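1. got a predicted model here, sequence first, then my questions.
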Amino acid sequence: MSQPRSQASWPAGIAEVRLEPTDISRTELREEVKGWLLFVREESYPTSTPEDGLRQRRAFIEKWATASQEFRESYYSRAPVYDSALDYPASVLSQLARRPDKRFLLLGGGTHPFETAGAGYAPRCHVPELLDLPARTALYLNQADFHALSMTRRGTVVFADGPDYSWYVIDTPGLAIGQMAIVEFGSNGQVRDSILRRPWNIGLVVLFGEMGRRVADLAESSIGGPPRINEPLDMDRPILELLESTRQSNKFMDVGYGHPDLWLQIIEKSAPGYLELEAQGREVEFELNDLVQCDAWY
């Protein structure tokens, strides 16, 4: 008797549930997924609990992925082109909470390629092979998140909210040199483009990203600063020395910004207890939950 698949690792073990290898543009996606959307509309029924909704969405993915091509074409041939690749009926989305629009990712060791939404090389920086963030896993394929996922006429999975959005990626190599990658993923989960910025230069980058600016636009316009002020940092230095050396070398976006007394005030107010731990060589023990949001400092 076969053992049931782990709910946490779904769809591991379903060989037919595959990620689409091609990066498909937003316009092309609307045509590519129309048969799948019609299938969902015709097969869906109201669910009463989030668990029932999850089972229904996963069942749809399994059935579409494992069906014959003739079955999929029978929907594709009579389907209209929908407004978007995520044009699902309200009944299917009723038990699915919308993911908060927070596009920050932490990179870890990776688990399962179909449970992660990105891999590969970027033109201007290297992003490790697999992105492993529990919330991202849970809110995409594992949770059959129809706010993000769609399926092609070939039965493959696409991340239909991926194109044209910027993600802010923090990985171990980046932490070591004080750099954050701003990454644009394609519909196939692969890295399409990226740039590197020091964290304290991220403000304008986030603002312009929210206005729909692409990674290529950010790079060409030097939003978040030119390469000279986004060079790697020596993160082994004490934080006050790191900030002051950046000021003295004119590598803040505002020339000469800040002074040692200001750094001290900002750190003590926003990260209470950090400097004491750092002085004892125990800064890694600082709890990120202890960070305090402060008003802007001028």
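-> Looks like it arrived, so ask away. Residues are numbered from 1 along each chain as shown.
2. where do the helices sit along this protein?
-> Secondary structure of the chain (DSSP state H): helices at 26-32, 34-43, 50-66, 69-76, 90-93, 134-138, 172-177, 202-210, 215-221, 239-248, 260-270, 274-279.
3. can you spell out which helices and strands pack onto the fifth one?
-> The contact analysis (3 or more C-beta pairs under 8 Å, 6 or more residues apart in numbering; DSSP states H and E) places helix 90-93 against helix 50-66. Where you see a C-beta, it was placed from the backbone N, CA and C, and this is true even at glycine.
4. could you pull up the mean pLDDT of the helix it packs on?
-> Regarding helix 50-66, the rounded mean pLDDT is 96.
5. which elements pack onto it?
-> helix 34-43, helix 90-93, strand 149-151.
6. redo that, cut-off 10 Å
-> With contacts defined as 3 or more C-beta pairs under 10 Å, 6 or more residues apart in numbering; DSSP states H and E, helix 50-66 has these neighbours: helix 34-43, helix 69-76, helix 90-93, strand 149-151, strand 157-159.
7. report the contact partners of residue 40.
-> Residue 40 sits next to 33, 56-57, 60-61, 64, 75, 87-89, 91-92, 146, 150-151 when contact means C-beta atoms under 10 Å, 6 or more residues apart in numbering.
8. from residue 91, how far out is it?
-> Note on residue 40: its distance to residue 91, by C-beta to C-beta, to the nearest Å, is 10 Å.
9. report the set of residues contacting both of the two.
-> Overlap between the contact sets of residue 40 and residue 91, as judged by C-beta under 10 Å, 6+ apart, is given by residue 56.
10. any weak-confidence spans in the stretch 51-200 of the chain?
-> Residues of the stretch 51-200 of the chain meeting the criterion pLDDT under 70: 99-102, 106-139, 162-164.
11. and residue 105, which of the helices and strands packed on helix 50-66 is closest to it?
-> strand 157-159 (13.2 Å; C-beta to C-beta).
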